[in-house]
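# Fold the stuff below for me.
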Amino acid sequence: MRTHIVYAHPDNGSLNAALRDEAVLTLEGLGHTVTVADLYAMNWKAVADYDDFGPTDSERFIAAAGEAWTNASLAPDIKAEHEHLLAADNVIFQFPLWWYTVPAILKGWFDRVFTSGFGYGPTHDWPRFGDGVLKGKRAMVIVTTGAAEDHLSERGVNGHIDDLLFPLQHGVLFYPGMAVLPPVVVTSALGMDAARYTDTVKHLRERLETLTETEPIAYRKQSEDYDEHRRLLPGREAPGTTGFALHIAR
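All right, here's what the predicted structure looks like:
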C-alpha cells in the first residue's frame with residue numbers, strides 16, 4: 001500500500017506538523033510506503049505560469065499546458081508529483097483552514113499539478129467527476145481550524161464544514177476520479193491542551209487504520225446521474241433537497 005501526503009503548513013513546530021508526524025508513523029506501522037510533499041519545506045512554486053511548460057509556440061495558456069503534458073516537458077517538480085500520485089493508492093491532503101479554504105501554496109499545488117491532460121481535458125467528453133486519471137485512488141482531507149465545532153455546524157456562523165469543504169472534495173478531488181473519504185476535522189485547534197491532543201491523535205490513528213475500508217462520500221458520477229447539459233437527472237434526489245446535497249446520493 002502506498003500513501004502520498006500533501007502537507008501545507010509553514011511552522012514545523014505546529015499542531016499540524018505533530019499530526020503529520022503521527023500520520024506518517026501510523027501509516028508506516030501499518031506497512032504503507034509513505035511519501036510526503038511538504039510544500040513549505042520544498043519552497044513549492046505556487047503560481048501556474050508558462051515557466052511550467054518548457055518551450056512552446058502556444059499563446060493560449062491551456063493549450064500550452066496540454067502541449068507540455070503531451071510532450072513530457074512539464075517542470076520537474078510537477079512531474080515528480082504526478083509520479084507520486086500515479087503510484088499511490090491513497091492521497092492525504094493536510095492543511096489548516098485559512099479564510100475558508102486551503103493555504104495559497106496548496107491551491108498552487110492543485111493549479112500546477114492538476115494540469116491539462118492530467119487533472120482535466122479540453123473536450124466535453126473528457127472523463128470527470130468520478131472518472132479520470134486518478135480513478136481507483138482514495139483521497140482524504142485532514143484539516144485543522146481555530147473555529148469550534150458548533151461554529152461549523154448546520155446553524156453555525158461559519159457554515160457547515162461539509163459545505164466549506166465541498167468545493168475541494170467534490171470539485172477538485174472527485175473531479176479527476178478519486179474516491180473521497182469523510183474528512184478528519186480538528187476544531188478549536190488553537191491552544192489545544194494535552195488531553196485533547198491525545199484524543200485527537202487517537203481519532204486520527206483510527207481513521208488511518210481504517211483508510212482502506214471506510215466508505216467514500218457518495219458523490220454522484222457525471223457519467224451516471226447527469227444529462228447532456230450536466231444537470232442532475234430528474235428523480236435522483238430526495239424531495240426538498242437543494243444545494244450541494246443534490247450531488248450526494250443519500
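
# so Trp44 touches Ala75, yeah?
No: the criterion here is CB atoms under 8 Å, and Trp44 misses it with Ala75 at 11.1 Å. Glycine gets a C-beta too; all of them are placed from N, C-alpha and C.

# Looking at the two, which has the bigger crowd around it?
Trp44 (19 against 16; other CB atoms under 10 Å).

# Run through the strands of this protein in chain order.
For the chain, strands defined by DSSP state E occupy the ranges 2-7, 33-38, 90-96, 138-144, 179-180, 184-186.

# Tabulate the ones you listed (CSV), appending distance to Ser58 and mean pLDDT.
Shown next, in CSV, are the strands of the chain (distance: least, CB to CB, whole Å; pLDDT from 0 to 100):
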stretch, distance to Ser58, mean pLDDT
strand 2-7, 28, 98
strand 33-38, 28, 98
strand 90-96, 30, 98
strand 138-144, 31, 98
strand 179-180, 33, 98
strand 184-186, 41, 97
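
# show me what contacts Pro182?
Met140, Thr214, Ile217 (CB atoms under 8 Å, 6 or more residues apart in numbering).

# Please parse the chain into its domains.
Domain segmentation of the chain under automatic domain parsing yields 2-215, 220-250.

# Return the most buried member of those.
domain 2-215 (a mean of 17; mean count of other CB atoms under 10 Å).

# How far away from the center of its chain is that one?
How far domain 2-215 lies from its chain's middle: 3 Å, per CA atoms, centre = their mean, to the nearest Å.

# Would you mind measuring from the residue nearest to Ser153 when sequence neighbours are not counted to Asp150?
Leaving aside its chain neighbours, Ser153 sits nearest to His160 (6.4 Å; criterion: CB to CB, 6 or more residues apart in numbering). Distance, His160 to Asp150, by CB to CB, to the nearest Å: 11 Å.
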